[in-house]
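Undergrad: Got a sequence here, can you model it:
(one chain, ligands or ions: 1)
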Amino acid sequence: MRIAILALQGAFMEHEQMLERLGVSSFEIRQRKDIEQAFDGLVIPGGESTVQGKLLRELDLFESLKMKIADGLPVFGTCAGLLLLAKKVKNDDRIHFAAMDITAIRNAYGRQLGSFYTESEFKGIGKIPMTFIRAPYIEAVYGNAKILATVNGKIVAAREDNMLVTAFHPELNKDLSVHRYFIEMIEECRAIHL
Ligand code: GLN
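TA: Down below sits the predicted model:
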């Protein structure tokens with residue numbers, strides 16, 4: 001198994017380290033030629049969704065990745081990655097991959113409360129650490145999207161078929177369980193496509 005990590009901006013290195021600890025090989029996507037190789041999953045890291053969206057287009061990565069995701073490529077978006085995958089962002093006109101049936105709110109916790117740490121239940125895993133940094137949350141899921149975690153009544157993780165998103169940053173804590181969940185998801189998606 002080989003996982004591509006979008007490495008244009010943000011916390012991509014931490015994802016590489018998590019995957020390495022799980023014994024999964026990964027490589028960085030920085031330019032067009034990087035997506036010509038085969039890969040089984042894609043991580044879209046936290047950072048700035050506006051910047052990543054702009055660079056994706058400028059570097060001519062956007063359309064190919066959008067198509068791969070629509071074709072069922074397993075993808076894991078954290079924070080800004082969640083915003084890039086959402087079909088709707090309530091307080092932002094810029095829509096990017098528009099792949100997942102969720103409505104997100106950008107910088108949803110406000111400036112002061114935007115960054116915090118908590119622990120909460122993640123469906124199928126149990127209680128896990130969650131670090132939020134100027135985080136969005138999900139206002140609503142619809143279609144096939146399912147809620148995986150909430151914090152204080154706000155949706156902070158969801159899954160729809162081949163797509164997994166978290167408003168928090170699992171790559172910033174030691175706990176590997178969300179990355180392991182993504183690896184299992186890739187294996188499931190592969191089995192379906194066989
Ligand atoms: N606030 C950022 C955005 O709007 C997301 C923050 C993050 O990824 N940690 O893109």
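Undergrad: Can you show me the helices along the protein?
TA: Ranges of helices in the chain, per DSSP state H, are 12-21, 49-58, 62-70, 80-85, 110-113, 177-193.
Undergrad: quick one, which of these is packed in tightest?
TA: Mean neighbours per residue, mean count of other CB atoms under 10 Å, is largest over the helices of the chain for helix 80-85, with a mean of 29. Backbone N, C-alpha and C define where each C-beta goes, glycine included.
Undergrad: Can you pull the residues of the protein lying near the ligand?
TA: Within the chain, the positions near the ligand by CB under 6 Å from any ligand atom are 46, 47, 48, 49, 79, 80, 83, 106, 107, 133, 134.
Undergrad: Give the PyMOL command for selecting the buried subset of the residues you listed.
TA: To isolate the buried subset of the residues of the chain next to the ligand in PyMOL, counting by 16 or more other CB atoms under 10 Å, use the following:
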select buried, resi 46+47+48+49+79+80+83+106+133+134
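Undergrad: could you give me the average pLDDT of stretch 48-59?
TA: On average, the pLDDT along stretch 48-59 is 98.
Undergrad: could you list every residue that touches the residue nearest the centre of the chain?
TA: When CA atoms, centre = their mean is applied to the chain, the residue found nearest the centroid is residue 77 (0.7 Å). Counting by CB atoms under 8 Å, 6 or more residues apart in numbering, residue 77 touches 43, 44, 83, 84, 85, 163, 164, 165, 166.
Undergrad: measure the nearest residue to the fourth one once chain neighbours are set aside to residue 21 for me?
TA: Think residue 84. Closest residue in space to residue 84, ignoring its immediate chain neighbours: residue 96 at 4.3 Å, by CB to CB, 6 or more residues apart in numbering. Taking CB to CB, to the nearest Å as the measure, residue 96 falls 29 Å from residue 21.
Undergrad: Next, the contact list for residue 182, please.
TA: So residue 182 contacts 41, 43, 74, 76, 164 (CB under 8 Å, 6+ apart).
Undergrad: hey, what's the fourth one bridged with?
TA: The partner list for residue 76 in beta bridges (DSSP bridges) reads residue 43, residue 164.
Undergrad: Report how many residues lie close to it.
TA: By other CB atoms under 10 Å, 30 other residues sit near residue 76.
Undergrad: repeat for residue 164
TA: 26.
Undergrad: wait, what's in contact with it?
TA: By CB under 8 Å, 6+ apart, the neighbours of residue 164 are 74, 75, 76, 77, 148, 157, 158, 181, 182, 185.
Undergrad: ditto for residue 114
TA: 107, 132, 133, 134, 135.
Undergrad: As JSON lines, the contacts of residue 182 with pLDDT would be great.
TA: Output for these, formatted as JSON lines (pLDDT from 0 to 100):
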{"residue": "41", "pLDDT": "97"}
{"residue": "43", "pLDDT": "98"}
{"residue": "74", "pLDDT": "97"}
{"residue": "76", "pLDDT": "98"}
{"residue": "164", "pLDDT": "98"}
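Undergrad: Distance check, residue 77 against residue 33.
TA: For residue 77, the distance to residue 33 - CB to CB - is 23 Å.
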